[in-house]
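In: Provided below are the primary sequence and the corresponding predicted coordinates.
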Amino acid sequence: MCPSLSRMGAAWRPASARRRSRAATGRLEAALRGFERSIVALRTAALDHVDSQDLASLTLRALLDRRSGRERTA
């Protein structure tokens with residue numbers, strides 16, 4: 001039976017395999033942290049975009065209200 005498949009698990013794996021496994025785990029955790037940071041940045045950008053669209057919408061509505069008010073009085 002292969003040592004890595006035994007019931008003892010990691011205890012029977014050679015040191016080099018454990019080192020590679022820890023390195024792979026470290027890389028995976030780093031990638032996960034990077035992914036989480038990019039998700040936060042994406043959410044922030046989306047909220048900023050929505051906020052800017054709200055401001056543009058309010059400005060446009062105010063402009064249209066003023067124009068329609070002028071047309072009614074003219």
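Out: Thanks, I have it. Numbers count the residues shown, from 1 in each chain.
In: burial measure for residue 21, as a count.
Out: 13 (other Cβ atoms under 10 Å). (C-beta placed from N, C-alpha, C; glycine too.)
In: That one and residue 31: what is the separation?
Out: 16 Å (Cβ to Cβ, to the nearest Å).
In: Likewise for residue 20?
Out: Taking Cβ to Cβ, one finds residue 20 at 16 Å from residue 31.
In: Please, where are all the helices along the protein?
Out: 15-73 (DSSP state H).
In: can you tell me which residue is nearest the centre of it?
Out: residue 39 (0.6 Å; Cα atoms, centre = their mean).
In: pLDDT weak spots in this structure?
Out: For the chain, applying pLDDT under 70 flags the ranges 1-13, 71-74.
In: again, 90 this time
Out: Residue ranges of the chain with pLDDT under 90: 1-15, 55, 68-74.
In: Now stretch 59-74 - C-alpha only, PDB.
Out: Presented in PDB, the C-alpha positions along stretch 59-74 are these (Å, rounded to 0.1, in the frame of the first residue of the first chain):
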ATOM      1  CA  THR A  59     -29.500  66.200 -12.000                       C
ATOM      2  CA  LEU A  60     -31.300  65.200 -15.200                       C
ATOM      3  CA  ARG A  61     -34.700  65.100 -13.500                       C
ATOM      4  CA  ALA A  62     -34.100  68.600 -12.000                       C
ATOM      5  CA  LEU A  63     -33.100  69.900 -15.500                       C
ATOM      6  CA  LEU A  64     -36.100  68.400 -17.100                       C
ATOM      7  CA  ASP A  65     -38.400  69.800 -14.400                       C
ATOM      8  CA  ARG A  66     -37.000  73.300 -14.900                       C
ATOM      9  CA  ARG A  67     -37.400  73.000 -18.600                       C
ATOM     10  CA  SER A  68     -40.900  71.800 -18.400                       C
ATOM     11  CA  GLY A  69     -41.700  74.600 -15.900                       C
ATOM     12  CA  ARG A  70     -40.400  77.200 -18.400                       C
ATOM     13  CA  GLU A  71     -42.400  75.800 -21.200                       C
ATOM     14  CA  ARG A  72     -45.600  75.900 -19.200                       C
ATOM     15  CA  THR A  73     -45.000  79.600 -18.200                       C
ATOM     16  CA  ALA A  74     -44.000  80.700 -21.700                       C
END
